[in-house]
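In: What shape does this take:
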Amino acid sequence: MTAPALEIVHLVKHFGGIPATQDVSLKIMPGERRLIIGPNGAGKTTLFNQITGDFRPTSGKILLFGQDVTRLTPHARAHLGLSRTYQIITLFPQDSVAHNVVLGLMGLKGARWNMFRPLGFYAELHAEARHMLDRVGLGALAEARVGEIAYGQKRRLEIAMALAQKPRLLLLDEPLAGLSSEERATIKQLIAAIPRDTTVIMIEHDMDTALDLAETVTLLHYGRVLVDGPRDAVIADPKTREVYLGH
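Out: Numbering: from 1, shown residues only. Here you go, the predicted structure:
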């Protein structure tokens, strides 16, 4: 029997005694496209931070592809195939677009600059970076400084960095935030083109665009799973209309 790509079991996270996630349990299968929705403060990004290991849960378990990773570091989880983007863009603005991707690859491989390392190692990383930048339409900007490129291009760069790590599970935290309609269409095409050997979980407030990409939806409210299931059933649920859609 195929193990879930991600299984969350009774996850609880408190900050100073205040619950941020409350008894969250989810199963997300390999290749699935899952959308996580909810009002501000629902615990969506906190949940992502627990999945990646940036936050340690107060109680509960997290399993990646059947392996308990609850106490593993973010780096160890990345080696199991977990990658993510962030709601607030986290890039190195003084470096080139290509070098940002290379730094991400070096971090995954646990490598630092070493003058005694064969130059072929770095050439391989640069080739991987160039390939991924071409994939997201940024090949022509490979040598541009990140601080000089447009906001929408930075969003694409973040996705390139995440995909360059060849993730089995990719978490996208509001990848469409702050983008124009044209830029949203571009990012949507990039996400839709991700192969099915990568499971995708996305937090997004742009419902019209995000629902086109999702097969299953989880609604969080005050840190709890309020509704969970196939996209159309969740959107039609009265609790979703009341809590998220406002009617």
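In: going forward, measure contacts and count neighbours with C-alpha atoms only.
Out: Fine.
In: Could you tell me which residues make contact with the most centrally placed residue in the chain?
Out: Centroid-nearest residue in the chain, with C-alpha atoms, centre = their mean: L171, separated by 1.9 Å. By C-alpha atoms under 8 Å, 6 or more residues apart in numbering, the contact list for L171 reads 48, 82-85, 200-202.
In: let's see it at 6 Å
Out: By C-alpha atoms under 6 Å, 6 or more residues apart in numbering, the contact set of L171 is 84, 201-202.
In: Extract the C-alpha trace of stretch 63-75 and format it as PDB.
Out: Coordinates of each C-alpha in stretch 63-75 appear next as PDB, following Å, rounded to 0.1, in the frame of the first residue of the first chain:
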ATOM      1  CA  LEU A  63       5.500  11.700   8.500                       C
ATOM      2  CA  LEU A  64       7.000  12.200   5.100                       C
ATOM      3  CA  PHE A  65       6.600   9.300   2.800                       C
ATOM      4  CA  GLY A  66       6.000   7.000   5.800                       C
ATOM      5  CA  GLN A  67       9.000   8.200   7.800                       C
ATOM      6  CA  ASP A  68       8.500  10.000  11.100                       C
ATOM      7  CA  VAL A  69      10.300  13.400  10.700                       C
ATOM      8  CA  THR A  70       8.800  15.100  13.800                       C
ATOM      9  CA  ARG A  71      12.200  15.600  15.400                       C
ATOM     10  CA  LEU A  72      14.300  16.000  12.300                       C
ATOM     11  CA  THR A  73      15.900  19.300  11.300                       C
ATOM     12  CA  PRO A  74      14.700  21.200   8.200                       C
ATOM     13  CA  HIS A  75      17.900  20.200   6.400                       C
END
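In: what pLDDT, on average, does that stretch get?
Out: Stretch 63-75 carries an average pLDDT of 96.
In: Which helix or which strand is home to L157?
Out: helix 151-164 (DSSP states H and E).
In: Which element is encountered next along the chain beyond that helix?
Out: Past helix 151-164, the next helix or strand by DSSP H and E is strand 169-173.
In: coming back round to it: out of the contacts of L171, flag the one nearest to E215.
Out: I201 (10.4 Å; C-alpha to C-alpha).
In: That closest one belongs to a helix?
Out: No: counting by DSSP: H, G, I helix; E, B strand; the rest coil, I201 is located in no helix; its state is strand.
In: Report the residue ranges of every domain in this protein.
Out: 1-81+168-247, 90-166 (automatic domain parsing).
In: quick one: which of these has the weakest pLDDT on average?
Out: Going by mean pLDDT, the lowest-scoring of the domains of the chain is domain 90-166, which has a mean of 83.
In: Compute the first-to-last residue distance for it.
Out: 19 Å (C-alpha to C-alpha, to the nearest Å).
In: now it, how far from the chain's geometric center?
Out: 17 Å (C-alpha atoms, centre = their mean, to the nearest Å).
In: cool, stretch 170-186 as well?
Out: 12 Å.
In: same deal with stretch 70-84?
Out: On C-alpha atoms, centre = their mean, the centre of stretch 70-84 falls 12 Å from the chain's centre.
In: same thing with stretch 77-88?
Out: Per C-alpha atoms, centre = their mean, the centroid offset for stretch 77-88 relative to its chain is 6 Å.
In: That one: which residues count as buried?
Out: Using 16 or more other C-alpha atoms under 10 Å as the test for burial, stretch 77-88 gives 77-86.
In: So which of those belong to helices?
Out: Among those, the members found in helices (DSSP state H) are 77-79.
In: now these as CSV including distance to T58?
Out: Below are these laid out as CSV (distance: C-alpha to C-alpha, whole Å):
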residue, distance to T58
R77, 18
A78, 21
H79, 24
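In: where along this protein do the helices fall?
Out: Using DSSP H, helices in the chain cover 44-52, 74-79, 97-108, 119-135, 151-164, 181-192, 207-213, 231-236, 238-240.
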